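Novice: Coordinates for the following, if possible.
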Amino acid sequence: MDDQKCRAVINGEEKEFAYGTSFLDIAKKYQQHYKDDIALVIFNNKLRELNKKLETDGVLEFVTTADTKGRKAYRRSLLMILEKAIFNLYKTDVRLRVMHTLGQGQYCELEGDLEISEDVLDSIRSRMQQLADADIPIRKNTIHTDAAVVLFQEYGMPDKARLFQFRRSSHVNLYDIDGFQDYFYGYMMPSTGYLKYFDLLKYENGFILVYPYEDTKKAAAFETSGKLYHTLMESAAWAQQMHIGTIGELNEQVVKGRIQDVILLQEAEMEQRIGKIAEKIAGHRNKKFILIAGPSSSGKTTFSHRLSIQLRAHGLTPHPIGMDNYYVDREKTPLDENGQYDFECLEAVDLSLFNADMGKLLEGREIELPYFNFKTGKREYKGEYLQLGPEDVLVIEGIHGLNDRLLSTLPAEAKFKIYISALTQINMDEHNAIPTTDGRLIRRIVRDALTRGSSAERTIKMWQSVRRGEEKNIFPFQEHADVMFNSALIYELAVLKMYAEPLLFAIPSESPQHLQAKRLLKFLDYFLQVPSEDVGRNSILREFIGGSCFKV
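Specialist: Below is the predicted model:
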């Protein structure tokens, strides 16, 4: 076996390595060719940590910290040395709770008798840097699930213990830094020596662990997101009030037969929030343009319908305006960097006409509404007219709704801006937050299959392009909103599970999208399945699983 060789195709060239050579050793030979640190490898279309070994022939690709998968591994590992640093300094008297992603940082709080101060953060930062300088291996150990439950009960981590009580797999992978163990959902860096780039900033009742982003060799600039933070905290507080702050607690509600009550309470709470927004709008009768924007699969359409019903209950008459009908003729549509039509950029909308028409409506004049023919790529008129009376308002849904350039000629007091997104309010456990993008991606996979006959493979393939459009056209303007609305339902992933799993299993193993599918399947495996029968017909979830009473 000592003389056995394995062949690996790297960057199109076949190379020979001794059997059992670690991917880390191979990565070190190639690191000089990459600006960013190599974090993981993809070997024969399977994601692998660098500490794994080469034991067969295959195709090997390097994943750096500039790639999404590598960036996640870096952030996950950084959270572990943050946790270890806190343990080294305060033992079990102070515990870390990882909560929400804000920009390029993770909002965390400390539980225990310790006030967060600059001195405290300096101490933690210094200890983290010492751990990084020591370049300690991050090792993976596999233990029986029952043993993991006992271990985390002893560690005083009840959320993790509860999570694994419902785990179907018989074994759990734990990570170890110099004897300190914890569970993290996803792959990790090979050692602490990679984790040199970060910062800690005091924020609200906790602090932000700031990650690198475009420049992977320094902490990103952190931009405050006050409205987003408070929206996330309000949602988390309600989840805690319901005693469903984690997946394990949600599973307990399923086991105890209480999930129908959970569904009814969540929908009632959401309707209450929609009603408060309508009440706020109705209290300012000068608000004529209700602008709704949010990223993909946020439930904007159902939200618009439900808000319109609440507005009617307050004596207003809402009129939906389709921003797509104001597209410029197709040949005038700007092109993206690949030479394709960029329908998501603001310039794809005829801003001059849109502002002129909305201005006329605000003045009480009648306009003829356009209709965009997507087959011909031309704007048409079909004799549909609109004029606003004292009780009339326009409900305008579109990705550019929060961008001031959309209605730049109209007075600010006439506009009411709503940002909507599905901001997952439960976590896996104390140290593993659920990315909101995963919830939206699963929603979209299910909806695309239902309404567009699109495969999960195609939806996942398009997702990065969708995310780039959101980063450019939506997220920079979210803090401009008058109101933020969280459309995530505390129970939804348990319902979406039965719809999403067959679609994800259908992705072939040789597909580039198989890695993402495998990750999402593992994630959904943590949820006990909930049938959809008890989901109301007006629920935002119906926009994705079907059966809505609205035209969505």
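
Novice: and Ala313, how many neighbours?
Specialist: As a burial measure, Ala313 scores 12 neighbours (other Cβ atoms under 10 Å). C-betas here are computed from N, CA, C, even on glycine.

Novice: so what's the residue lying closest to it once chain neighbours are set aside up against?
Specialist: Leaving out its chain neighbours, the residue that sits closest to Ala313 by Cβ to Cβ, 6 or more residues apart in numbering is Ala278, at 7.1 Å. The neighbours of Ala278, taking Cβ atoms under 8 Å, 6 or more residues apart in numbering as the test, are Leu307, Gln310, Leu311, Ala313, His314, Leu316.

Novice: in the one helix or strand Ala278 maps to, what counts as buried?
Specialist: Using DSSP states H and E, Ala278 falls within helix 259-282. Buried residues in helix 259-282, counted by 16 or more other Cβ atoms under 10 Å: 259, 262-263, 265-267, 270-271, 273-275, 277-278, 281-282.

Novice: got the residue ranges for the strands in the stretch 151-300 of the chain?
Specialist: Counting by DSSP state E, counting those that start in this stretch, one finds strands in the stretch 151-300 of the chain at the ranges 171-177, 180-182, 199-203, 206-210, 289-293.

Novice: hey, which of the ones you listed is tucked in deepest?
Specialist: Mean neighbour counts were compared across the strands of the stretch 151-300 of the chain using mean count of other Cβ atoms under 10 Å; the top stretch is strand 289-293, at a mean of 25.

Novice: Now do the contacts for the closest residue to Met189 other than its chain neighbours.
Specialist: Distances taken as Cβ to Cβ, 6+ apart put Ser77 closest to Met189, at 4.2 Å, once the chain neighbours are dropped. Counting by Cβ under 8 Å, 6+ apart, Ser77 makes contact with Ile138, Phe184, Met188, Met189, Thr192, Tyr194, Leu195.

Novice: Make sure the third one is actually in contact with Lys72.
Specialist: No. Under the contact definition of Cβ atoms under 8 Å, Met188 does not touch Lys72, with a separation of 9.9 Å.

Novice: can you list the weak-confidence ranges in the stretch 301-450 of the chain?
Specialist: Within the stretch 301-450 of the chain, no range satisfies pLDDT under 70.

Novice: Which residue ranges of it form strands?
Specialist: 317-322, 367-373, 378-386, 392-397, 415-421.

Novice: who does the longest one pair up with?
Specialist: Counting by DSSP bridges, the strands paired with strand 378-386 are strand 367-373 (antiparallel).

Novice: same question, the first one
Specialist: In the sheet, strand 317-322 lines up against strand 392-397 (parallel) (DSSP bridges).

Novice: Okay, buried residues for the strand it pairs with please.
Specialist: Val393, Leu394, Val395, Ile396, Glu397.

Novice: what inclination does that strand have with respect to strand 289-293?
Specialist: When axes from the mean of the first three to the mean of the last three Cα atoms, to 10 degrees is applied, the directions of strand 392-397 and strand 289-293 differ by 10 degrees.

Novice: outside of strand 392-397, which residues touch it?
Specialist: With contacts defined as Cβ under 8 Å, 6+ apart, strand 392-397 is touched by 281, 287-293, 300-301, 304, 307-308, 311, 316-323, 358, 361, 388.
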